[in-house]
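Undergrad: Any chance you can model this:
(chains A and B)
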Amino acid sequence: MESDKFFVVAIVMAIIFTGLAVYLFMLDRKLSRIEKRQREMMEELKRKEQE
Amino acid sequence: MIKSMWWKFLGIFLVLYSIIAGLLIEVPALPVIHQTIRNLFYHVPMWFSMFFMLGTSLVFSIRYLSGFRMKDDLIASGAANTGLFMGSMGLLTGMIWARFTWGDFWTNDPQLNGAAVSMMAYLAYVVLRGSIDEAAMRARISAVYNIFAFMLLVIFLGVLPRLADSSLHPGKGGNTSTMGGLDPMMRLVFFPAAIGWILIAFWLLQLHNRRRALVQGVKLNNL
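TA: Model (predicted):
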């Protein structure tokens, strides 16, 4: 097993997958921010309509 | 619970574990497949997550038909798309694996043909949705079709390969080895891998739906 150096491949694949996961997390947080802003805009619209 | 982050971390952790452990554990020495048996940890979870996505799609299609809420239609179509993506990954990885073990990219195996037919059924779902302009009509017709497509999926991937005379896939017709015969060490990697990829698929589905809900102005509430 040691001479196969399988662990090098494992590390490379783990790094690639971690990179993808980080990208997904950033996407997730960005979406949350946009959702929040949209909610705030809707509330503001409602308030203006009531006035 | 769905809004929180912990299950996303869990999915990443399980998949990372399966990548590392899947390469490092000792696997049983078998003829023909040799070390490629490790593909079990990466190829099969694609199909598992496809089943979960298309099941989700079915549930939300039925929910749409019982309440006619656009939110349910959006989730149903998003799940069908995510399921198609996972299924395509399963097909591509399976073809590579088959090329180097069974000798050809496509063998005349009931499981392979069943997978192709059911993927076609879901591609037809996407085409059907694209061909109807009126939103309520599109939602209703595609929801009804989705129930039919899931039946096809179950029959072609779940029933027919098991009834077939011969299949190269484990647990299917003429092939005695099943998941029950899986090496105990490999189980410790395979099941976490399957759960991890299913969680990742749900995450992809959630991102997909949230983006489309923002674009279309549909309220998703807690999803």
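
Undergrad: check which helix or strand covers the residue nearest to B:L74 when sequence neighbours are not counted.
TA: Once flanking residues are discounted, B:L74 sits nearest to B:V218: 5.5 Å by C-beta to C-beta, 6 or more residues apart in numbering or on different chains. Glycine gets a C-beta too; all of them are placed from N, C-alpha and C. For B:V218, there is no helix or strand it lies in under DSSP states H and E.

Undergrad: Angles on the backbone of B:V218, please.
TA: The phi and psi values for B:V218, taken as degrees, to the nearest 10, are phi -90, psi 140.

Undergrad: Please work out how many residues are found near the nearest residue to B:E26 once chain neighbours are set aside.
TA: Sequence neighbours aside, B:M185 is the residue nearest to B:E26 in space, at 6.9 Å (criterion: C-beta to C-beta, 6+ apart). By other C-beta atoms under 10 Å in any protein chain shown, the residues close to B:M185 number 13.

Undergrad: thought B:M185 was touching B:A21?
TA: No - B:M185 is not in contact with B:A21 according to C-beta atoms under 8 Å; the separation is 9.4 Å.

Undergrad: and the one residue sitting closest to the centre of chain B, what is it in contact with?
TA: Residue closest to the mean C-alpha point of chain B, counted by C-alpha atoms, centre = their mean, is B:M50 at 1.0 Å. Contacts for B:M50 (C-beta atoms under 8 Å, 6 or more residues apart in numbering or on different chains) come out as B:G83, B:L84, B:M86, B:G87, B:G90, B:A201.

Undergrad: follow-up on the earlier one: what's the burial count for the residue nearest to B:L74?
TA: Neighbours of B:V218 (other C-beta under 10 Å): 15.

Undergrad: gap between it and B:R63?
TA: B:V218 is 14 Å from B:R63, where distance means C-beta to C-beta, to the nearest Å.

Undergrad: what residue of chain B is the furthest out?
TA: In chain B, the greatest distance from the average C-alpha position (C-alpha atoms, centre = their mean) is reached by B:E134, at 29.1 Å.

Undergrad: how near is that one to chain A?
TA: Using C-beta to the nearest C-beta, to the nearest Å, B:E134 is found at 26 Å from chain A.

Undergrad: and what of B:H169?
TA: According to C-beta to the nearest C-beta, B:H169 and chain A sit 25 Å apart.

Undergrad: now swap in B:S4 and tell me
TA: Relative to chain A, B:S4 is positioned 12 Å away (C-beta to the nearest C-beta).

Undergrad: where does that residue land in three-state SS?
TA: coil (DSSP: H, G, I helix; E, B strand; the rest coil).

Undergrad: Just give the number of residues close to it.
TA: Neighbours of B:S4 (other C-beta under 10 Å): 8.
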